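Undergrad: Pasting a predicted model and its sequence here:
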Amino acid sequence: MTQNSDIVDVIIGMIGTLPQVTEVATPDTNIARDLGLDSLAVMNFVMQLEDRFDVSIPMDRLAGIQTINDLAAAVADLKGRSPE
Amino acid sequence: MTILDKFKALQGAYETVQSAGHDPFTVCFDEVLSPSEAVLKGKRVILLGTNNYLGLTFDSSCVDKAVEALMQAGTGTTGSRIANGTYGNHAELERRLAAFYGTRAAMVFSTGYQANLGILSTIAGRGDHILIDADSHASIYDGCRLGHAEVIRFRHNDPDDLARRLSRLKDAPGNRLIVVEGIYSMLGDTAPLKEIAAVKREWNAHLLVDEAHSLGVLGSNGRGLVEQAGVEADVDFIVGTFSKSLGAVGGFCVSNLPDFDVLRIACRPYMFTASLPPSVIASVTQALARVQEDPGLRARLNINAQRLYHGLEAEGFILGPQVSPIVSIRMPSTEVAIAFWNALLGAGIYLNLALPPATPDNAPLLRSSVSAAHSGTQIDTVIATITAIGSELGVIAPRSHRPDMTEERQGDLLGEVLWQPGQGQRHNHAPVTGNPL
């Protein structure tokens, strides 16, 4: 099963490729507040992330996610739920 | 510190829009003269953003039926459907809707918004899964939020992404409900319904189609995209509104499921609000009859839609991906969109200013909706006026500087190349449009 820290690294790597983002993200970066992404860009990024990890993050789970750590934990949890 | 401080950023954005001229969110007509014309601050304007697709708001037979019901049954029911608010004509309209769609049952709601709110929050319960198109209308998002099902968005009009997300659910317990729209309100594009129905069958899901913008508009009998795509047997629920092609207000859901009527005592947005006044029910019933007996309405609408779409396309505007009664023009920036919208109003044309985040891919739009009631002359006036202002504002090149536009233009239709699949999600927050859809 994928470790949280691996997922964090992948997320930070993916954020680094977004044209709108100039800062280097950290595990504690607040996704909506610190990256200069509007809400649509966040949603689009989440869809890319869902494809990368082959999960769907339900909307109520998304509402509670603030930091990259939170996002990684949600992905890890959803990956853990599904038998590989 | 007040409880409204959280809206400071929104207030600031609103003030910017207001400072450019007219306030697009509080346009108030002195008088509405017809389905296609109104008076605004003493000046006649062409109505090109009212979703009045068949132009039935002033249809004399609909007005007569409404007046008759008003005189016979009074101004309102003063009650909900489950108390004193069901009159004979409410039940009759439900029978007519069920007969029109060939379904077992129909439920009438007080608005189209409430139909989505009620049906989605009720039919999918805790442990069920709703899969919605990312570009869904706010009422679909809100219906999902009101209920207890798990909600997953799939990429706009992307059956493969839908199938992937269904497959990710694996053997998780619970029903699957897929929700799509017939015509999407911002760009006028239709759902790939045949393909979505195939996914539905493969995964043994339920399918709900919102035909708000397509009832009376698509299909050889006006039964919407479901009829046009030939998938009526695959669709479990059709939701729609009376406030667009049927020219009044209200919403409905039809279904062929045997126990559908139990929702009348389970669906809170149906049970705990006042029912529609009998006069509204009467005009809607007549408008539905007009849809069935006069296919010429749809034909005229289609001719007008073609005329506006191809007219603007030939002038070089970037439009939605297909001809539809909704013709949206992509604006290069919010500032230009606001200036363009104000200039159009000044020149006697009202349409909708649609700003992000209510639009796909953060592109501001000028959104027009064509009516069967528009004359060819009105459409031509609209094309000429939009073109003149578009040239002035630099949205399109002046005619003398344009390359030959007779060749098919490649790659500059909204929703096709500029907007790659998956890049076009509309946000589910409050739509910021000139005319709440």
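TA: Received it, and whenever you're ready, just let me know what you need. Numbering: from 1, shown residues only, chains lettered A, B, ... in the order given.
Undergrad: And residue B:328, which helix or strand is it part of?
TA: Per DSSP states H and E: residue B:328 is located in strand B:326-330.
Undergrad: The very next helix or strand once past that strand vs strand B:326-330, what angle?
TA: Next helix or strand after strand B:326-330 toward the C-terminus (DSSP H and E): helix B:334-346. Put simply, helix B:334-346 runs at 130 degrees to strand B:326-330, going by axes from the mean of the first three to the mean of the last three Cα atoms, to 10 degrees.
Undergrad: Would you mind pulling the contact partners of helix B:334-346?
TA: For helix B:334-346, the surrounding residues in contact (Cβ atoms under 8 Å, 6 or more residues apart in numbering or on different chains) are B:17, B:20-22, B:24, B:27, B:40, B:45, B:331, B:350-351, B:353, B:355-356, B:364-366, B:385-386, B:389-390, B:392-395, B:434. Every C-beta, even on glycine, is put in place using the N, C-alpha and C of the backbone.
Undergrad: Where in chain A is the helix or strand with the lowest mean pLDDT?
TA: Every helix and strand in chain A was compared by mean pLDDT, DSSP states H and E; the lowest is helix A:31-34, with a mean of 87.
Undergrad: just checking, what packs against that helix?
TA: Packing contacts for helix A:31-34, counted by 3 or more Cβ pairs under 8 Å, 6 or more residues apart in numbering or on different chains; DSSP states H and E, involve helix A:39-53.
Undergrad: Buried ones in the helix it packs on, by neighbour count?
TA: By neighbour count on 16 or more other Cβ atoms under 10 Å in any protein chain shown, the buried set for helix A:39-53 is A:40, A:41, A:42, A:43, A:44, A:45, A:46, A:47, A:49, A:50, A:53.
Undergrad: can you list the residues you listed in a markdown table and add pLDDT?
TA: Converted to a markdown table, these look like this (pLDDT from 0 to 100):
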| residue | pLDDT |
| --- | --- |
| A:40 | 80 |
| A:41 | 84 |
| A:42 | 88 |
| A:43 | 87 |
| A:44 | 88 |
| A:45 | 91 |
| A:46 | 93 |
| A:47 | 94 |
| A:49 | 95 |
| A:50 | 96 |
| A:53 | 95 |
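Undergrad: ok so, going back, which residues sit against the strand holding residue B:328?
TA: Residues contacting strand B:326-330 (Cβ under 8 Å, 6+ apart): B:183, B:185-188, B:213, B:305, B:308-309, B:312, B:317-320, B:354, B:363-370, B:386, B:390, B:395, B:414, B:418.
Undergrad: Quick check: chain neighbours aside, which residue is closest to residue B:316?
TA: Leaving aside its chain neighbours, residue B:316 sits nearest to residue B:396 (4.2 Å; criterion: Cβ to Cβ, 6 or more residues apart in numbering or on different chains).
Undergrad: unless I'm mixing things up, that neighbour is touching residue B:389, no?
TA: No. Here residue B:396 does not reach residue B:389: they are 9.8 Å apart, not a contact under Cβ atoms under 8 Å.
Undergrad: which of the contacts of strand B:326-330 count as buried?
TA: By neighbour count, with 16+ other Cβ under 10 Å, the contacts of strand B:326-330 hold B:183, B:185-188, B:213, B:305, B:308-309, B:312, B:317-320, B:354, B:363-370, B:386, B:390, B:395, B:414 as buried.
Undergrad: how much space between the most centrally placed residue in chain A and chain B?
TA: With distances taken as Cα atoms, centre = their mean, residue A:71 lies nearest the centre of chain A, 4.5 Å away. Remark: distance between residue A:71 and chain B (Cβ to the nearest Cβ, to the nearest Å) = 16 Å.
Undergrad: Any buried residues in the helix or strand hosting that residue, and which?
TA: Taking DSSP H and E as the criterion, residue A:71 maps to helix A:68-81. Within helix A:68-81, the residues that qualify as buried are A:68, A:69, A:70, A:71, A:72, A:74, A:75, A:76, A:78, counting by 16+ other Cβ under 10 Å.
Undergrad: So the last one sits against residue A:57, correct?
TA: Read that as residue A:78. Yes. Assessed by Cβ under 8 Å, residue A:78 is found in contact with residue A:57 at 6.6 Å.
Undergrad: Apart from its chain neighbours, what residue comes closest to residue B:94?
TA: Per Cβ to Cβ, 6+ apart, closest to residue B:94 is residue B:106, 4.4 Å.
Undergrad: and that neighbour, what does it touch?
TA: So, once contact is read as Cβ under 8 Å, 6+ apart, residue B:106 ends up touching B:93, B:94, B:95, B:97, B:98, B:252, B:253, B:254, B:255.
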